[in-house]
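Student: Need the 3D shape of this:
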Amino acid sequence: MIGVGQPIRLPPQSRQVEHEGELAVVLATRDAGSPRRKPPRHILGYCAANDVTARDLQQRDGQWTRAKGFDTFCPLGPWIETELDPSDTLITCSVNGQMRQMGSTRDMVFSISQLLAFISSVMTLEAGDLILTGTPSGVGLLQPGDEVASRSRASAAGEPGRPRRAHRVGGRRLNGRIADACGAQADTTGRQ
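Tutor: The predicted structure is shown next:
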């Protein structure tokens, strides 16, 4: 995981690193298996996340640990929204100012309650754990120098969301350039 303004590094093991704008759920309390309709008391809040994925490694390995586990592959934040209604939250992701993903949590296959109930039936979730909830269609390739920004905001209320700094894939900070939520800029010096 990385915070706002930190670079996403493109690993030399992959030639197909892709963005995945998502809503992240942040847990407030320990959860060792709750009913399907989980009470919101387990949830502290929500934040925008980018579940960066080395798609070629994911396909080659047949599982996702390496493809999603590189040190800089999960920009999120910069803050936790504690008043967000996740039933109709707009998720967007843009690259170099062009919209690539846009979807609503109302279109998710499984609700956040269902996701948390299922996960906590398998493993104990601890306060501070993050659950990424899935991505809308439109995931795509990141290149060195790209600026990617993910955003989550309440759709129904029409809230504009707060401006957030973007991340750079690979190298430098954006020197005060403002973008939406967690983003990134590709390494202008190439792969590490």
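
Student: check contacts around the residue nearest the centre of the chain.
Tutor: Most central residue of the chain, judged by C-alpha distance to the mean C-alpha position with Cα atoms, centre = their mean, is Ala49 at 2.1 Å. Ala49 sits next to Gly21, Glu22, Leu23, Ala24, Cys74, Pro75, Leu76, Leu130, Leu132, Ser150, Cys182 when contact means Cβ atoms under 8 Å, 6 or more residues apart in numbering. Backbone N, C-alpha and C define where each C-beta goes, glycine included.

Student: and if we set it to 10 Å?
Tutor: Applying Cβ atoms under 10 Å, 6 or more residues apart in numbering to Ala49 gives the contacts 1, 20-25, 74-77, 91, 130-133, 135, 150, 152, 181-182.

Student: can you check Glu18 too?
Tutor: Glu18 makes contact with 50-56, 58, 67, 100, 135, 139-142, 148 under the criterion Cβ under 10 Å, 6+ apart.

Student: Report the buried members of the contacts of Ala49.
Tutor: For the contacts of Ala49, burial is judged from neighbour counts taken by 16 or more other Cβ atoms under 10 Å, and it is met by 20-25, 74-77, 91, 131-133, 135, 150, 152, 181-182.

Student: Could you give me the buried positions within stretch 115-133?
Tutor: Across stretch 115-133, burial judged by 16+ other Cβ under 10 Å covers Leu115, Leu116, Ala117, Ile119, Ser120, Leu125, Asp129, Ile131, Leu132, Thr133.

Student: What of stretch 96-116?
Tutor: Buried residues in stretch 96-116, counting neighbours by 16+ other Cβ under 10 Å, are found at Arg100, Gln101, Gly103, Thr105, Met108, Ser111, Ile112, Ser113, Leu115, Leu116.

Student: From the residues you listed, which land in helices?
Tutor: Among the buried residues of stretch 96-116, the residues falling in helices (DSSP state H) are Ile112, Ser113, Leu115, Leu116.
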